[in-house]
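Q: Sequence and computational prediction follow.
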Amino acid sequence: MRFKNLILLTVGLTSALSTAIITPSGIEVPNTLLKYLTCPIGDVICKNGQDSICSENYNICQQSNPNILDELLTKNGHKKGNFTPNEYCKIHLEVCKMIMNYDPPLTKDYIYNLDQYLTCGKDDSICQYGKSNSCREVLKLCWGNYPKDACIKLSDTCKKINSNSNITNITTNNTSSYKQALKKTIKNEVKKVDTKRKTTKRIYKTKKTSKRVVLKKNKKDL
């Protein structure tokens with residue numbers, strides 16, 4: 001019984017350790033930055049969106065006064081843990097560069113949960129393009145690693161996505177209209193982040209101005 005429990009504990013620890021995502025420099029990605037690496041395997045639409053948002057959020061590292069960087073990171077929801085502001089920003093930049101080439105580990109859910117590839121609206125060609133890419137990438141990994149029947153069903157699902165005329169045009173021609181639509185989608189997401197960042201800056205400036213006024217008043221009283 002003890003031996004069996006030891007095996008289960010070892011397997012559990014190995015599984016927990018294997019879920020950690022490591023940057024090219026060998027540092028474990030902090031929890032607050034893991035959200036940028038959550039896109040499904042091969043979903044380039046999701047990855048493009050996360051890449052733009054990650055880069056936009058990284059601007060705080062480039063544009064902020066080093067003396068107040070720690071404060072601004074905290075106000076913007078960045079939990080840097082034991083890292084210094086500069087260390088955290090370096091990791092943030094590394095994560096942004098990882099997004100387009102990173103894929104999460106293949107799990108059974110990718111193979112057997114076929115409905116996830118068919119969730120896009122009928123006319124949402126952008127979403128369909130991302131799901132189609134994801135499905136085809138997963139299919140490549142399926143052959144030889146999962147039962148043939150499961151891979152055939154997955155293949156049929158991929159074909160259902162591609163049967164849409166809009167997505168066929170996008171995948172074969174890579175039209176400028178697709179690129180424009182993709183940019184528009186990304187910009188909308190970035191605007192949300194940008195609005196939050198600008199609001200935080202205004203709040204900080206207001207507080208800073210108020211402190212100056214109080215200091216001047218105190219000097220006059222003296």
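A: Nice, I can see it.
Q: show me where pLDDT drops low in the chain?
A: Applying pLDDT under 70 to the chain flags the ranges 1-18, 164-222.
Q: Next up, the contacts around Gly55.
A: In this structure residue 55 is Ser, not Gly. Residues counted as contacts of Ser55 (Cβ atoms under 8 Å, 6 or more residues apart in numbering) are Cys96. In this view, the C-beta of every residue, glycine as well, is placed from N, C-alpha and C.
Q: That one looks like it's in a helix, true?
A: Yes - counting by DSSP: H, G, I helix; E, B strand; the rest coil, Ser55 is part of a helix.
Q: Neighbours of Asp70, how many?
A: 16 (other Cβ atoms under 10 Å).
Q: for it, helix, strand, or coil?
A: Per three-state DSSP, Asp70 ends up helix.
Q: domain ranges for this structure?
A: 31-104, 105-185 (automatic domain parsing).
Q: the helices in this structure, which residues?
A: 2-18, 44-63, 69-75, 85-98, 108-112, 125-142, 148-162, 165-173, 176-221 (DSSP state H).
Q: which secondary structure elements does the shortest one contact?
A: The one in question is helix 108-112. Applying 3 or more Cβ pairs under 8 Å, 6 or more residues apart in numbering; DSSP states H and E, we find helix 108-112 packed against helix 125-142, helix 148-162.
Q: Start and end of stretch 22-41, how far apart?
A: With Cα to Cα, to the nearest Å as the measure, stretch 22-41 spans 17 Å from end to end.
Q: how about it: buried residues?
A: Thr23, Val29, Pro30, Thr32, Leu33, Tyr36, Leu37, Cys39, Pro40, Ile41 (16 or more other Cβ atoms under 10 Å).
Q: circling back: which stretch among the domains of the chain comes nearest Thr19?
A: domain 105-185 (8.3 Å; Cβ to Cβ).
Q: circling back: could you point out which of the buried residues of stretch 22-41 is nearest to Leu118?
A: Of all these, Pro40 has the smallest distance to Leu118: 13.3 Å, by Cβ to Cβ.
Q: Surely the closest one and Gln50 touch.
A: No - using Cβ atoms under 8 Å, Pro40 makes no contact with Gln50, being 11.3 Å away.
Q: quick revisit: could you dump the helices and strands packed on helix 108-112 into JSON lines with distance to Ser55 and mean neighbour count added?
A: What follows is the helices and strands packed on helix 108-112, written out as JSON lines (distance: least, Cβ to Cβ, whole Å; neighbours: other Cβ atoms under 10 Å):
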{"stretch": "helix 125-142", "distance to Ser55": "19", "mean neighbour count": "22"}
{"stretch": "helix 148-162", "distance to Ser55": "29", "mean neighbour count": "15"}
